[in-house]
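S.K.: need the 3D shape of this:
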Amino acid sequence: MTDAALRLTSLLEQLLGAPLPVRIRAWDGSQAGPPDAPVLVVRNRRALRRLLWKPGELGLARAWVSGDLGIEGDLYEALDLLSGLIWERGEDERGLFEAVRSPEVRSAFRGLVKLAGSPLPPAPPREEMRRPRGHLHTRRTDKKAISHHYDVGNDFYELVLGPSMVYSCAYWQSPGGTLEDAQRDKLELVCRKLALTPGQRLLDVGCGWGSMAIHAAREHGVSVVGITLSQEQAAYARKRVAEEGLTDRVEIRVQDYRDVADGPYDAISSIGMAEHVGAERYLEYAQDLFTLLRPGGRLLNHQIARRPLRDEKAYHVDRFIDAYVFPDGELAPIGTTVAQLERAGFEVRDVEALREHYALTLRAWVANLESDWPRATRLTSPGRARVWRLYMAASALAFERNRIGVNQVLAVRTPDSGASGLPLRARDWN
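M.R.: Got it, this is the predicted structure:
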């Protein structure tokens, strides 16, 4: 009898305490669930073993990355339907095993164990970041984490990001605009907020593939030092700088922000980098940037933010993101970020929320990835491409549903005179 899908559906509904909103198709060809819903494809018994050994988000992630689980139909709809049952509830191993204490669930669970076959745990996918426990955000661990995320092939990032090679939230005039225009407008917005003028020095912290440095030097005549911990990014950025004829004005370094010692700079941009700093190091990060600025200099900090918790000690990094996407990355509420910048000595002058802009950006990246999927898997690995597709689609929904946000914070190292250097109506840059 081919009834694996029905048995799986029954068990999952008992574990989750709610009807399953997606259809299931199992390895034996059986199907169960709403006929018009997206289909969760359980391709083999190994998927069940992954969930049994790591109940919750990490087991699901391993099954997805390995290809043991898949989704047919609208990926965004499927993730949106499942999020309320799994991710938003914060289910973990303890919560799921507590459910198994129920006699009826325990009976179904035993059936699932029998259905899963071999009792041995499958090895994690090779794309999973494995590292020893220890102090976070040292120079060594930060470099390893950055390499895990960014050193996966510049050709792969070209496919996903498009010609702009900007890996942060774009700035859209309308939903119907192009990604390239929106990324150019974002870079220009940052330059205008920093009030860049010819001859000034700009430090671009976390410079990526050099897009901000090149734009600022070419369009505003500044001299730029861009720093990254990724060897692949640095090599790519230097090549672009040379092709633009800007080697006399743009220097790309493989360097930790804690090791920059050639200030003062007139302005600093930090775009999509501070998420890697970590709560323990954030004040140090802010103080270092404050020290590197001349009096009157401006900082533009562009950073993803999470919602505050009643008990901030309960915050933990998303297990899928930590294992596969941004190891050791941490998000903070915008209020915490502003407070830390002020503690470091900055005067915060403007905060602009760009939450909807990031949702549009992520959907554009997913569309780029999906449009040339066979090439994407060749450029990196099928597992890595699945990681990027899942995390970008899920993140787009998180921004759309106001679960996370992104903000540009403009801060000034205001001199003792109190003259900030900003116009009375600072939003003229809009």
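S.K.: alpha carbons only for contacts and neighbour counts from here, please
M.R.: OK.
S.K.: got a list of what residue 201 touches?
M.R.: For residue 201, the contacting residues are 222-225, 265-267, by Cα atoms under 8 Å, 6 or more residues apart in numbering.
S.K.: write the ChimeraX selection for whichever of those residues are buried.
M.R.: Applying 16 or more other Cα atoms under 10 Å to those leaves a buried subset, and the ChimeraX line that selects it is:
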select :222,223,224,225,265,266,267
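S.K.: element containing residue 63?
M.R.: Here residue 63, judged by DSSP states H and E, is contained in helix 57-66.
S.K.: ugh, typo on my part, it should be residue 251
M.R.: Per DSSP H and E: residue 251 is located in strand 250-254.
S.K.: circling back: got a markdown table for the contacts of residue 201, with distance to residue 167 too?
M.R.: Converted to a markdown table, the contacts of residue 201 look like this (distance: Cα to Cα, whole Å):
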| residue | distance to residue 167 |
| --- | --- |
| 222 | 22 |
| 223 | 22 |
| 224 | 19 |
| 225 | 18 |
| 265 | 24 |
| 266 | 24 |
| 267 | 21 |
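S.K.: from the contacts of residue 201, which is closest to residue 291?
M.R.: Among these, residue 265 lies closest to residue 291 (Cα to Cα), at 9.4 Å.
S.K.: that closest one pairs with what?
M.R.: Beta-bridge pairing of residue 265 under DSSP bridges involves residue 293.
S.K.: hmm, back to that, show me what the helix holding residue 63 packs onto, helices and strands only.
M.R.: The contact analysis (3 or more Cα pairs under 8 Å, 6 or more residues apart in numbering; DSSP states H and E) places helix 57-66 against helix 45-53, strand 69-72, helix 319-320, helix 382-400.
S.K.: 7 Å instead, please
M.R.: In terms of contacts (3 or more Cα pairs under 7 Å, 6 or more residues apart in numbering; DSSP states H and E), helix 57-66 is packed against helix 45-53, helix 319-320, helix 382-400.
S.K.: so which elements touch the shortest one?
M.R.: So that's helix 319-320. Packed against helix 319-320 by the contact rule (3+ Cα pairs under 7 Å, 6+ apart) you find helix 57-66.
S.K.: what number of residues lie near residue 244?
M.R.: 11 (other Cα atoms under 10 Å).
S.K.: equivalent analysis for the one 3 residues further on, please.
M.R.: The local packing count at residue 247 equals 18, with neighbours defined by other Cα under 10 Å.
S.K.: any idea how far it lies from residue 237?
M.R.: The gap separating residue 247 from residue 237 is 11 Å, by Cα to Cα, to the nearest Å.
S.K.: the strand holding residue 251 pairs with which strands?
M.R.: Sheet pairing here is set by DSSP bridges, and for strand 250-254 it gives strand 223-228 (parallel).
S.K.: touching the partner strand from outside, list them.
M.R.: Contact partners of strand 223-228, identified using Cα atoms under 7 Å, 6 or more residues apart in numbering, comprise 199-208, 213, 217, 234, 249-256.
S.K.: find the nearest non-adjacent residue to residue 8, please.
M.R.: Leaving aside its chain neighbours, residue 8 sits nearest to residue 112 (7.4 Å; criterion: Cα to Cα, 6 or more residues apart in numbering).
S.K.: and the helices and strands packed on helix 57-66: which comes nearest residue 349?
M.R.: Of all the helices and strands packed on helix 57-66, helix 382-400 sits nearest to residue 349, with 24.4 Å by Cα to Cα.
S.K.: quick one: that closest one to helix 57-66, angle?
M.R.: 130 degrees (axes from the mean of the first three to the mean of the last three Cα atoms, to 10 degrees).
S.K.: and the next element down the chain from helix 382-400?
M.R.: Later in the chain than helix 382-400, the nearest helix or strand by DSSP H and E is strand 404-412.
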